[in-house]
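# Sequence and predicted structure below; questions after.
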Amino acid sequence: MQFHPQRWAKVYDHWLTNIQDWCISRQLWWGHRIPVWSKEADYFRAACSELSALESEGFNLSEIRVANLETKQEWGAEKLLEREDEVSEQIVGRFRIVVCNVLSEKQTRILENNLGFTQDPDVLDTWFSSWLWPFATMGWPEKTETLKKFYPTTDLVTGPDIIFFWVARMIMAGFEYMGEMPFQNVYFTGIIRDKQGRKMSKTLGNSPDPLVLISQYGADALRFGTMRSAPLGQDVLFDEKDVELGRNFCNKLWNACRFRQMQGGEVQGEIERTLLTADDKWILLKLDAAIREVTIALNEYKFSEATAALYRFFWNEYCDWYVEASKATLPRVSDSLNGGKVESAPASTIQPVNNSMAQKANTLAVIDFVLSHTIRMFHPFLPFITEELWHGMGYATDMPEKQGGKTIMNAPWPLPFDEELKGHYGLDDCYLEMTDTKYELVRLGRDLRRAGNIQAAKKVKYVFKPAQHLTPHDAEVIKLLLNAEALEVNETYQPPKGTPTVNSKLGELFLPLEGLIDVAAEQIRLAKEVEKIQSEIGKVEQKLANPNFTTKVPPAVLAEHEQRLLDWRAKLAHTQASLDALKG
């Protein structure tokens with residue numbers, strides 16, 4: 001049996017090592033009646049007659065005890081009957097016959113109605129009743145089909161505060177009454193607390209209503225947001241922003257699928273390996289890595305790591321990069337909304353690549369392949385929206401009924417790519433480095449905009465001086481991702497003085513500022529910004545250099561000021577670099 005996290009096994013072992021007697025009876029009005037029946041006899045022969053009657057009705061004498069109420073002696077029923085003639089004259093007093101066993105309804109009627117036994121009025125301790133849960137809920141002591149199918153089960157999910165109250169006792173009861181352990185894994189959740197670290201309580205009024213949260217954000221959002229913020233076995237400080245994040249992610253997933261539907265075309269067409277672009281191979285390799293990472297995390301019960309891996313893959317890699325890059329092949333929605341008119345670019349700039357029908361169909365096939373796998377990985381975390389998308393996208397259409405045709409719950413879990421599949425589609429790791437370098441160039445190019453205080457939506461012209469061969473498709477992708485009006489590829493370009501530039505393995509990227517900004521005015525603005533930042537840095541440094549401050553404030557306040565100093569210094573470096581670039 002495995003505990004997740006494993007550290008709780010020590011608590012379990014400690015309790016079993018120091019086990020104490022357990023009073024299992026409670027004088028309450030509710031609960032399971034104790035399965036003990038008794039009847040008194042005035043003399044020894046009468047007690048033996050009662051035992052014979054029990055035996056004739058099929059009761060097991062090994063589970064019956066007889067006690068002398070005067071001498072406090074106690075015997076097993078079998079041994080007492082064996083010695084009946086031998087000791088009958090020697091034993092005097094009143095006797096109590098006790099039947100202790102879980103009985104069927106028929107046996108209970110015989111015992112109470114025919115033989116006159118009375119069940120004990122006490123009830124079992126709550127946890128004594130609960131330790132029977134793995135099997136008593138499925139018809140036990142009868143050997144029902146449900147019991148055969150679901151006992152033992154695989155996993156128990158519970159809180160660490162009831163390891164000895166419930167978990168250990170279920171294990172004991174499982175071995176005692178069923179002959180084997182009731183489950184293979186125990187997953188201990190953290191406790192959800194409020195922002196002050198307090199347990200949720202009706203008295204404190206700090207417990208959010210899940211139904212209200214579901215009404216506001218959706219059940220999937222609550223599930224995903226909470227799970228993403230809950231590391232294995234650690235307590236969680238509840239923040240409604242996590243649920244809001246879950247809702248935003250659901251919207252992102254929905255819109256990404258809607259983008260695919262707007263493209264039309266065949267659903268889940270065949271991928272033609274000769275038409276795969278570097279971006280296609282990059283996202284397929286990233287999908288393979290995500291499948292491996294998520295599968296390992298789930299097998300190790302690290303659900304927050306699984307959600308983090310899915311979030312990173314889908315939002316950062318698929319949506320932010322691949323979907324935008326795929327627009328170099330797919331018709332642009334904005335173009336179609338403008339009557340299909342595409343503005344012509346100067347002859348010296350890179351033109352959009354030829355969007356052939358075959359290339360478009362292949363890109364859509366890659367998108368369908370990635371989405372169908374991703375939706376299946378998301379299903380344990382977002383069951384409702386993924387079920388809707390699975391059918392709405394048409395991914396269930398050609399699946400056998402019991403393998404995803406009827407419900408995504410039965411769809412096969414995505415498997416990592418084997419070497420044969422990677423070889424067939426040319427999924428070499430070199431495409432990861434190649435495409436990452438291209439996207440890094442785009443990131444640097446976007447930083448040039450921010451450094452020049454140029455709005456991200458403003459169309460600008462970039463000039464690229466390649467250090468190696470750049471395909472027309474890659475050039476178009478870079479242009480799209482930079483939101484550039486044009487991308488001029490010029491191997492002999494000599495930039496004017498003060499032109500912002502960035503370097504990468506692919507080459508140099510320039511952002512000519514003619515007509516975009518007033519260089520002199522921007523230099524003045526940046527110089528004032530540098531002075532302001534330096535002033536803020538001085539204030540924080542002065543505080544941190546004062547022992548009266550550093551030794552008296554709480555650690556959290558001190559850490560906040562130290563982080564503030566790091567942030568100001570980073571901002572200073574960035575602003576100074578922008579100013580130096582303008583000065584040339």
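Nice, thanks for sending it over. Residues are numbered from 1 along each chain as shown.

# how far does stretch 486-503 stretch from start to finish?
19 Å (C-alpha to C-alpha, to the nearest Å).

# Oops, could you answer that again for stretch 141-161 instead?
29 Å.

# Just give me how far that stretch sits from the chain centre.
Offset of stretch 141-161 from its chain centre (C-alpha atoms, centre = their mean, to the nearest Å): 24 Å.

# Rounded mean pLDDT for that stretch, please.
Confidence over stretch 141-161 (mean pLDDT, whole number) is 92.

# Mind listing residues that contact it?
8, 11, 102, 104, 134-135, 138-140, 166-167, 170, 174, 177-178, 180-189, 191, 233 (C-beta atoms under 8 Å, 6 or more residues apart in numbering). Backbone N, C-alpha and C define where each C-beta goes, glycine included.

# domain ranges for this protein?
2-24+127-188, 35-102, 246-333+347-428, 432-510, 519-583 (automatic domain parsing).

# of all the ones you listed, which lies closest to Gln216?
Proximity to Gln216, assessed across those by C-beta to C-beta, is greatest for domain 246-333+347-428 (8.2 Å).

# Give me the mean pLDDT for that closest one.
90.

# gap between the two ends of that domain?
34 Å.

# how far is it from where the chain is centred?
On C-alpha atoms, centre = their mean, the centre of domain 246-333+347-428 falls 19 Å from that of its chain.

# Equivalent analysis for stretch 129-141, please.
Taking the mean of its C-alpha atoms, stretch 129-141 sits 30 Å from the chain's own mean (C-alpha atoms, centre = their mean).

# Give me the buried stretch members for it, please.
Neighbour counts over stretch 129-141 (16 or more other C-beta atoms under 10 Å) mark 130-132, 134-136, 138, 140 as buried.

# ends of it, how far apart?
14 Å.

# Check stretch 162-182 too.
End-to-end distance (C-alpha to C-alpha), stretch 162-182: 17 Å.

# just to revisit the earlier point, tell me which of the buried residues of stretch 129-141 is nearest to Val323?
Pro134 (46.7 Å).

# what helix or strand does the closest one sit in?
Secondary structure assignment for Pro134, by DSSP states H and E: helix 133-136.

# So what touches that helix?
With C-beta under 8 Å, 6+ apart, helix 133-136 has contacts from 147, 151-153, 170, 173-174, 177-178, 182-183.

# avg pLDDT for that helix?
Computed over helix 133-136, the average pLDDT equals 91.

# For that helix, output the C-alpha coordinates as PDB.
Taking Å, rounded to 0.1, in the frame of the first residue of the first chain, the C-alpha atoms of helix 133-136 are listed here in PDB:
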ATOM      1  CA  TRP A 133     -17.300   1.400   4.600                       C
ATOM      2  CA  PRO A 134     -15.200  -0.300   1.900                       C
ATOM      3  CA  PHE A 135     -17.400  -3.400   1.900                       C
ATOM      4  CA  ALA A 136     -20.600  -2.800   4.000                       C
END
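
# Starting from that helix, tell me the next helix or strand along the chain.
helix 145-150.

# Flag every buried residue along that following helix.
So, applying 16+ other C-beta under 10 Å, buried residues of helix 145-150: Leu147.

# need the next SSE after it, C-terminal direction.
Helix 145-150 is succeeded, C-terminally, by strand 155-158 (DSSP H and E).

# so what strands line up beside that following strand?
When sheet partners are counted by DSSP bridges, strand 155-158 sits next to strand 185-188 (parallel).

# Contacts for the partner strand next, please.
1-5, 8, 154-160, 163, 167, 233, 301.

# before we move on, back to that, dump the domains of the chain to CSV, plus distance to Gln216.
Formatted as CSV, the domains of the chain follow (distance: least, C-beta to C-beta, whole Å):
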stretch, distance to Gln216
domain 2-24+127-188, 26
domain 35-102, 47
domain 246-333+347-428, 8
domain 432-510, 31
domain 519-583, 31
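
# Of the ones you listed, which is nearest Thr118?
That would be, of the domains of the chain and by C-beta to C-beta, domain 35-102, which comes in at 6.3 Å.

# Compute the first-to-last residue distance for the closest one.
End to end - C-alpha to C-alpha - domain 35-102 spans 6 Å.

# returning to what we had before: mind checking which of the domains of the chain is nearest Pro210?
So among those, domain 246-333+347-428 is nearest, using C-beta to C-beta, at 13.1 Å.

# so how far is Val102 from Leu364?
Relative to Val102, Leu364 is positioned 62 Å away (C-beta to C-beta, to the nearest Å).

# Of the two, which one has the most company?
Leu364 (22 against 13; other C-beta atoms under 10 Å).

# Without its sequence neighbours, what residue ends up closest to the more buried one?
Gly265 (4.8 Å; C-beta to C-beta, 6 or more residues apart in numbering).

# thought the one you found was touching Ala358?
No - at 11.2 Å, Gly265 does not count as touching Ala358 under the criterion of C-beta atoms under 8 Å.

# more crowded one of these two?
Gly265 (16 against 10).

# thinking again about what came up before, export the buried residues of stretch 129-141 to JSON lines and tack on distance to Phe384?
Formatted as JSON lines, the buried residues of stretch 129-141 follow (distance: C-beta to C-beta, whole Å):
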{"residue": "Ser130", "distance to Phe384": "31"}
{"residue": "Trp131", "distance to Phe384": "34"}
{"residue": "Leu132", "distance to Phe384": "34"}
{"residue": "Pro134", "distance to Phe384": "29"}
{"residue": "Phe135", "distance to Phe384": "32"}
{"residue": "Ala136", "distance to Phe384": "32"}
{"residue": "Met138", "distance to Phe384": "28"}
{"residue": "Trp140", "distance to Phe384": "34"}
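
# Now flag whichever of the contacts of helix 133-136 is closest to Asp42.
The closest of those, once distances to Asp42 are taken by C-beta to C-beta, is Tyr177, at 35.8 Å.

# Could you double-check that that closest one lies in contact with Trp140?
Yes - the pair Tyr177 and Trp140 passes the contact test of C-beta under 8 Å, sitting 7.4 Å apart.

# Between those two, which contacts overlap?
With C-beta under 8 Å, 6+ apart as the test, Tyr177 and Trp140 both reach Leu132.

# quick revisit: for the buried residues of stretch 129-141, which one is nearest Gln534?
Ser130 (65.0 Å).

# isn't that closest one right next to Arg169, touching?
Yes - because the distance of 7.4 Å satisfies C-beta under 8 Å, Ser130 is recorded as touching Arg169.

# Confirm that Arg450 sits in a helix.
Yes - assigned with DSSP: H, G, I helix; E, B strand; the rest coil, Arg450 falls within a helix.
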